[in-house]
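Chemist: Quick one, structure for this:
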Amino acid sequence: MEIVIILLTGLLVGVVAKFLMPGPDPGGLIVTTLLGIAGAAVGGFLAGAVGLGAVGSTGSFVSAVVGAMALLLGYRFFRRGK
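Modeler: A predicted model of the protein is given here:
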């Protein structure tokens, strides 16, 4: 069940990360959403590891958004270098 929550949260996190980091994305909405899912997975894991909350909590969501933004920034950096 946690995987479904991570995927759904990831979709929302991808949209929030794109909203907070406007500008052209080399991969478009699909890549942004996938980075949101990855950010949700990593952020949720790290939030749980440091005690900010379980998957699906507010602390987990905030850390997922930060993680997705970091992944999106890294993706933009590496894609523009090519």
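Chemist: Could you give me the buried positions within whichever strand or helix holds Phe78?
Modeler: Per DSSP states H and E: Phe78 is located in helix 58-80. Buried residues in helix 58-80, counted by 16 or more other CB atoms under 10 Å: 59-69, 71-72, 75-76. From N, CA and C alone the C-beta is placed, and that goes for glycine too.
Chemist: What lies in contact with that helix?
Modeler: 9-10, 13-14, 16-18, 20-21, 23, 25-27, 31-32, 35-36, 38-44, 46-48, 52-54 (CB atoms under 8 Å, 6 or more residues apart in numbering).
Chemist: What of stretch 8-16?
Modeler: Under the criterion CB under 8 Å, 6+ apart, residues 32-41, 43-44, 55-56, 60-61, 64-65, 68 lie in contact with stretch 8-16.
Chemist: of those residues, buried ones?
Modeler: Using 16+ other CB under 10 Å, the buried ones in the contacts of stretch 8-16 are 32-41, 43-44, 55, 60-61, 64-65, 68.
Chemist: Cool, thanks, talk later.
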